[in-house]
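>>> Provided below are the primary sequence and the corresponding predicted coordinates.
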Amino acid sequence: MDPNSKEGGVLDLSAFQKRLQRATRIKIPELQRNDRLKHVIFSQQFDKGLLDHLCNVASIIKQVSLDKDGYRFLRDLLCHKRAMLYFTQPSTRTFLSFSAALQLLGIQSAEIRDASFSSEYKGESPLDSVRMFSSYFDMIIMRSKVPDFAEACAYLMNDLDDFNQRNVPIVNAGAGADEHPTQALLDIYTIQRTFAFESDTDKPGSSRFDVLRRKYPDLKKGLSGKIYGFVGDVGRGRTVRSLAQLLAKYEDVTLCFISPNHPKLRISENLRSQLLDSGVKILEPELIEDVIGKVDLLYVTRFQQEHDRDDRSLESVDYQAYHLTPELVSQMKSYAGILHPFPRREEIPTAIDSDPRALYFHQARNGMWIRSALIAYLFDADGRIVSYYTRGFSNHHDYNKGVL
Ligand code: CP
């Protein structure tokens, strides 16, 4: 598409339709430059090696930022860069953790959170808005209720690149009901830390893992060989889709989807066949009770009534049956984790918050570290962070405590 062509006053993605309709695996190479990700649109763009690398960089950033010299090092690292936060769909965690991540790396940012306060109110096309942002900023982090918008913006930037015009990375911070790849990153990071089974009090021969192995002799470290339960609105939750696709990259993984038997609330046929093709085992039990004692991790989601307020068939759904209770939690394995992407409502009562298995507040905080790592990677600064750490920082500081 010629990036100089006029778009009109509304969001019109027709010029990108052919590209948007292709299979994800065909799109992925176009979102890279020189064997690195340029844009982040889908969770499937991350392979296990890159996930491990980003988790490692996130842990380093966490440790380095606690030290005054380390903090200054990070703050100077990308102080010549600017980022635009274009969030026209509501957000608390994603917006704030991206803001905090940018601050950690010394990157200045600006924001639009309500398009009616921008020239879109006067009829400017959102695509023109994004092109304007690319004139002033070096990265655009965006959330939209339109599923394909971030992806189309990545193609717009690639077209500008082909015309030797200024273009910048696009980061999808939540695309309609479609994908939330950076949420999946922070979920993977939290799960990785959980299944490292490390503790501040670990000693040779009597680590937390050694103790757990006495009760669970088959327990292994890492994400492979685990049973993951997803509870609630697994059909419409974009975080479920993005995380399930990443978990499918690990060996011997079982995914249990526990949701009401309604076509909008169960996983889609498309996702089911994609996951089965990746080699994961899928279970769809009726009740949480059927699997609560077996899962290694439970990912709870809220029912997203806002998507289908007019759908009468959803009125008879018994949502209560998909709420966690302290009694259910007491049946879980002692090391199992409970995650929730938030915002939550009544599906996890606050009485569960003090249970050591409740990891959702740690999970939200981890978003700041992994998003810092991702931004550093996209600006090709991840190698300098690792070098700073390995050059001596780790010898002089003992912040090597669990990230959770
Ligand atoms: N998990 C998540 O995306 O939260 P926000 O909607 O608050 O950003």
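Structure received. Numbering: from 1, shown residues only.

>>> how distant is stretch 126-138 from the center of its chain?
Chain-centre distance of stretch 126-138: 24 Å, with C-alpha atoms, centre = their mean, to the nearest Å.

>>> which residues sit against it?
Here stretch 126-138 makes contact (C-beta atoms under 8 Å, 6 or more residues apart in numbering) with 3, 7, 11-13, 81-84, 86, 88, 110, 112, 115, 118-120, 140, 142, 144, 149, 152-153, 156-157, 160, 166-168, 170, 379. Bear in mind the C-beta positions are built from the backbone N, C-alpha and C, glycine included.

>>> Please save the CA atoms from that stretch in PDB.
Output of stretch 126-138 as PDB, limited to C-alpha atoms (Å, rounded to 0.1, in the frame of the first residue of the first chain):
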ATOM      1  CA  PRO A 126      -6.500   6.700  13.400                       C
ATOM      2  CA  LEU A 127      -4.000   5.400  10.800                       C
ATOM      3  CA  ASP A 128      -3.000   9.000  10.200                       C
ATOM      4  CA  SER A 129      -2.700   9.500  14.000                       C
ATOM      5  CA  VAL A 130      -0.300   6.600  14.200                       C
ATOM      6  CA  ARG A 131       1.800   7.800  11.300                       C
ATOM      7  CA  MET A 132       2.000  11.200  13.100                       C
ATOM      8  CA  PHE A 133       3.100   9.500  16.300                       C
ATOM      9  CA  SER A 134       5.900   7.800  14.300                       C
ATOM     10  CA  SER A 135       7.100  11.300  13.400                       C
ATOM     11  CA  TYR A 136       7.700  12.300  17.000                       C
ATOM     12  CA  PHE A 137       8.400   9.000  18.800                       C
ATOM     13  CA  ASP A 138      10.600   6.000  18.400                       C
END
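
>>> what does the stretch 151-300 of the chain have sitting close to the ligand?
Proximity of the stretch 151-300 of the chain to the ligand (C-beta under 6 Å from any ligand atom) is limited to residues 174, 183.

>>> Could you tell me which residues of the stretch 301-404 of the chain lie near the ligand?
Contact residues, the stretch 301-404 of the chain versus the ligand (C-beta under 6 Å from any ligand atom): 341, 342, 343.

>>> Could you look up the SS state of the second one?
In other words, residue 342. At residue 342 the chain is in coil, as set by DSSP: H, G, I helix; E, B strand; the rest coil.

>>> thinking again about what came up before, let's see which of the contacts of stretch 126-138 end up in helices.
Among the contacts of stretch 126-138, DSSP state H puts 149, 152, 153, 156, 157, 160 in helices.

>>> Does the second one touch residue 20 like I think?
Yes: here residue 152 lies in contact with residue 20, judged by C-beta atoms under 8 Å, at a distance of 6.5 Å.

>>> Helices of the stretch 251-400 of the chain, residue ranges please.
269-277, 326-330, 360-378, 382-388, 394-396 (DSSP state H, counting those that start in this stretch).

>>> any chance of those in CSV, plus distance to residue 92, mean pLDDT and mean neighbour count?
Output for the helices of the stretch 251-400 of the chain, formatted as CSV (distance: least, C-beta to C-beta, whole Å; pLDDT from 0 to 100; neighbours: other C-beta atoms under 10 Å):
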stretch, distance to residue 92, mean pLDDT, mean neighbour count
helix 269-277, 26, 96, 14
helix 326-330, 25, 98, 13
helix 360-378, 9, 98, 24
helix 382-388, 27, 97, 17
helix 394-396, 34, 63, 10
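
>>> and those as TSV, adding distance to residue 43?
Compiled in TSV, these are given as follows (distance: least, C-beta to C-beta, whole Å):
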stretch	distance to residue 43
helix 269-277	12
helix 326-330	28
helix 360-378	12
helix 382-388	19
helix 394-396	30
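
>>> Can you check which of these gets nearest to residue 33?
helix 360-378 (10.3 Å; C-beta to C-beta).

>>> Tell me who's in contact with the closest residue to residue 278 other than its chain neighbours.
Leaving aside its sequence neighbours, residue 278 sits nearest to residue 248 (C-beta to C-beta, 6 or more residues apart in numbering; 3.8 Å). Residue 248 makes contacts with 255, 274, 275, 278, 279, 280, as judged by C-beta under 8 Å, 6+ apart.

>>> For residue 45, list the residues it contacts.
Residues counted as contacts of residue 45 (C-beta under 8 Å, 6+ apart) are 28, 31, 32, 37, 181.

>>> Nearest residue to residue 371 in space, please, no chain neighbours.
Nearest residue to residue 371, sequence neighbours excluded (C-beta to C-beta, 6+ apart): residue 101, at 4.1 Å.

>>> name the element the one you found belongs to?
helix 93-104 (DSSP states H and E).

>>> Show me what counts as buried in that helix.
The neighbour-count check on helix 93-104 (16 or more other C-beta atoms under 10 Å) flags 93, 94, 95, 97, 98, 99, 101, 102, 104 as buried.
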